[in-house]
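Colleague: Sequence and predicted structure, then a few things I'm wondering about:
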Amino acid sequence: MKTTLEIDESVMRALKARAARDGRTMSELVESALRSLLDKRPRRVELPDLPVFDTGGWIPGLVEDRDRLLDHLLAERDERLYGLRTRKGGK
């Protein structure tokens, strides 16, 4: 298949010299390089462990009730940011 590519001049000069030295065509070298690049599998990156947070414990029924959860989260925020204690029986 024919195609048109824009290749940096210095890369093209190196490609021509390598093709002449190896007795291969530039197309053969480009195809070989592309195959090599495309056949490589991405390296697996070791990911760090996820952080663990002390949430203060489980509050039964909180997750099942969206409105109650939102109220709880907003009350925690208000307490933390503004020192307001709006939760019933709060910490």
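Modeller: Yep, that arrived. Note that this is a predicted model, so its numbers are computed, not measured. Numbers count the residues shown, from 1 in each chain.

Colleague: From here on, just use CA atoms for contacts and neighbour counts.
Modeller: Noted.

Colleague: which SS state does Leu84 fall under?
Modeller: coil (DSSP: H, G, I helix; E, B strand; the rest coil).

Colleague: what's the burial count for it?
Modeller: Per other Cα atoms under 10 Å, the neighbour tally for Leu84 reads 12.

Colleague: doesn't Asp78 make contact with it?
Modeller: Yes: at 5.6 Å, Leu84 counts as touching Asp78 under the criterion of Cα atoms under 8 Å.

Colleague: Could you list the low-pLDDT ranges of the chain?
Modeller: In the predicted model of the chain, residues 62, 86-91 satisfy pLDDT under 70.

Colleague: Using the three-state scheme, assign the closest residue to Met26 other than its chain neighbours.
Modeller: Among residues not flanking Met26 along the chain, Ala19 sits closest, at 5.6 Å (Cα to Cα, 6 or more residues apart in numbering). For Ala19, the secondary structure call by three-state DSSP comes out as helix.

Colleague: from what I can see Ala19 touches Val30, true?
Modeller: No: Ala19 is beyond contact range of Val30, at 9.7 Å (criterion: Cα under 8 Å).

Colleague: the more surrounded of these two?
Modeller: Ala19 (17 against 13).

Colleague: got the contact list for that one?
Modeller: Contact partners of Ala19, counting by Cα atoms under 8 Å, 6 or more residues apart in numbering, are Thr25, Met26, Leu29.

Colleague: Looking at those, spot the one nearest Asp8.
Modeller: Met26 (14.3 Å; Cα to Cα).

Colleague: Neighbours of the closest one, how many?
Modeller: Other residues lying near Met26 total 16 when counted by other Cα under 10 Å.

Colleague: For Arg44, give its distance to Arg35.
Modeller: Distance, Arg44 to Arg35, by Cα to Cα, to the nearest Å: 20 Å.

Colleague: Show me which of the two is the more surrounded one.
Modeller: Per other Cα under 10 Å, whichever of Arg44 and Arg35 has more neighbours is Arg35, with 11 against 6.

Colleague: I appreciate the help and will end here.
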